[in-house]
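Enquirer: Next one to model:
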Amino acid sequence: MPRRSKDQIIANILSTCQGAGANKTRIVYQVNMNFHTINPHLDLLIEKTLIDVVQGSPVLYRTTLRGERALESLREVEAIYS
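Expert: As a prediction, the model looks like this:
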């Protein structure tokens, strides 16, 4: 299996967090990463306001409107390369 680019990983995270959101466990399993390596990606997406953190039990990560637009752009770029 070829390595994924950072853009592909970010697109997978944004896609997983769409709608009602996802907890960290769901993100880790859907994106096929581990808890240690997912944290920098989540931190970046939060910093860039592409995902929101919804406090509660469990904490959820939800794709923002800006994140939805970024995901759409990432998918368009991926379509060009494939």
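Enquirer: Going along the chain, name the helices of the chain.
Expert: Secondary structure of the chain (DSSP state H): helices located at 6-16, 24-31, 35-47, 65-81.
Enquirer: What are the phi and psi values at M33?
Expert: Recorded main-chain torsions at M33 are phi -130, psi -180, according to degrees, to the nearest 10.
Enquirer: who touches it in this structure?
Expert: Counting by CB atoms under 8 Å, 6 or more residues apart in numbering, M33 touches I9, H41. Any C-beta I mention is one placed from the backbone N, CA and C, and that applies to glycine too.
Enquirer: Go through the helices of the chain and pick out the most buried.
Expert: The densest packing among the helices of the chain, expressed as mean neighbour count by mean count of other CB atoms under 10 Å, is seen in helix 6-16 with a mean of 18.
Enquirer: Please compute how far that helix lies from its chain's middle.
Expert: Helix 6-16 has its C-alpha centroid displaced from the chain centroid by 4 Å (CA atoms, centre = their mean, to the nearest Å).
Enquirer: and if you look at stretch 51-64?
Expert: Average the C-alpha atoms of stretch 51-64, do the same for its chain, and the two points are 12 Å apart (CA atoms, centre = their mean).
Enquirer: Hmm, V28 and I9 touching each other?
Expert: No. Between I9 and V28 there is no contact under CB atoms under 8 Å: 11.7 Å.
Enquirer: got the contact list for the closest residue to I27 other than its chain neighbours?
Expert: With sequence-adjacent residues excluded and distances taken as CB to CB, 6 or more residues apart in numbering, I27 is closest to T16, at 5.3 Å. The contact partners of T16, by CB under 8 Å, 6+ apart, come to A22, R26, I27, Q30, V31.
Enquirer: repeat that for 6 Å
Expert: A22, I27, Q30 (CB atoms under 6 Å, 6 or more residues apart in numbering).
Enquirer: Quick check: of the residues you listed, which lies closest to E78?
Expert: Here the nearest of those to E78, counting by CB to CB, is Q30; it sits at 17.2 Å.
Enquirer: what pLDDT does the residue positioned nearest the centre of the chain get?
Expert: By CA atoms, centre = their mean, the chain has its centre lying nearest to I13, at 1.9 Å. Model confidence at I13, given as pLDDT, is 98.
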